[in-house]
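In: I would like the atomic coordinates for the input below:
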Amino acid sequence: MPTVAPVSKLDLPLFLVVFGIIVLAFPMARQKLAHGTAGFALHRAAHPLEPAIGAASAVLVLGVVAWAALYAALGPEALGVWREPAWVRAVGWLLAGAGTLGTAIAQGQMGSSWRIGIDQGETQLVTRGLYRLVRNPIFSGCIVAAVGIALLAPSAWSIAAVFVIVVMISLQVRIEEDHLQKAHGRAYRAYAAKVGRLLPRLGRLSCPSDGADLTRQS
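Out: Now for the predicted structure:
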């Protein structure tokens, strides 16, 4: 099957910059202007794993920045990026764009409840918009975008990055579920019993009596 050369030295790093602006810099600035806080809550250590996940996230971001800089400076071949069929490239752009758009929409729908990390203060339980389909559309969008980027620059490094992202998100959503159960009680349990975790209908939770722990439905 005919293959195409890797994405150019500037196109992929430019997309990563745009992604960072849309899903990180812009929502932080919007939160700061509207509510007086940038939305960071990682330092509050709501769970023993929270500081570790925060530190791992920072290392991951720095790694992506370094990788993008090397991609622009040295070119994809120097980073071991493989050639790929044109249709895989098209799917990569589609997933990267759709994931970025979905993440941005979900962040906007959270309004003042948007946080990076777990805030010990009271926040509204958001169940409208994309949150009617999945409980964590921001994380779902990030995973879709990460898969798309890996398809645009397939290599051992990009595949490993997707694996790390999925593991970190899987841990974070379970920590957040514990927090939301404590914060919103019956309302969250009823919501989680109807709506999937990262994909529609998958990872729904049972709805036990008040005070019981949430468990995954079989």
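In: got phi/psi on K9?
Out: Reported as degrees, to the nearest 10, the phi and psi values for K9 are phi -60, psi -30.
In: so it versus V65, what's the distance?
Out: K9 sits 16 Å away from V65, going by CB to CB, to the nearest Å. The C-beta positions use only the backbone N, C-alpha and C, and glycine is treated the same way.
In: check C142 too.
Out: 16 Å.
In: more neighbours: which of these two?
Out: Neighbours were counted for C142 and for V65 using other CB atoms under 10 Å; C142 has more, 22 against 14.
In: please name the nearest non-neighbouring residue to T123.
Out: Among residues not flanking T123 along the chain, S113 sits closest, at 4.2 Å (CB to CB, 6 or more residues apart in numbering).
In: so that neighbour is in contact with T127, correct?
Out: No: counting by CB atoms under 8 Å, S113 sits too far from T127 to count as a contact (10.9 Å).
In: which helix runs longest in the protein?
Out: Ordering each helix of the chain by length in residues (DSSP state H) puts helix 156-184 first.
In: for that helix, packing partners?
Out: Packing partners of helix 156-184 (3 or more CB pairs under 8 Å, 6 or more residues apart in numbering; DSSP states H and E): helix 50-74, helix 137-152, helix 186-194.
In: what angle separates it from helix 186-194?
Out: Note on geometry: by axes from the mean of the first three to the mean of the last three CA atoms, to 10 degrees, helix 156-184 and helix 186-194 are set 140 degrees apart in direction.
In: got the angle for helix 156-184 vs helix 50-74?
Out: 150 degrees.
In: in helix 156-184, what counts as buried?
Out: Buried residues in helix 156-184, counting neighbours by 16 or more other CB atoms under 10 Å, are found at 157-158, 161-162, 164-166, 168-169, 171-173, 175-177, 179-181, 183-184.
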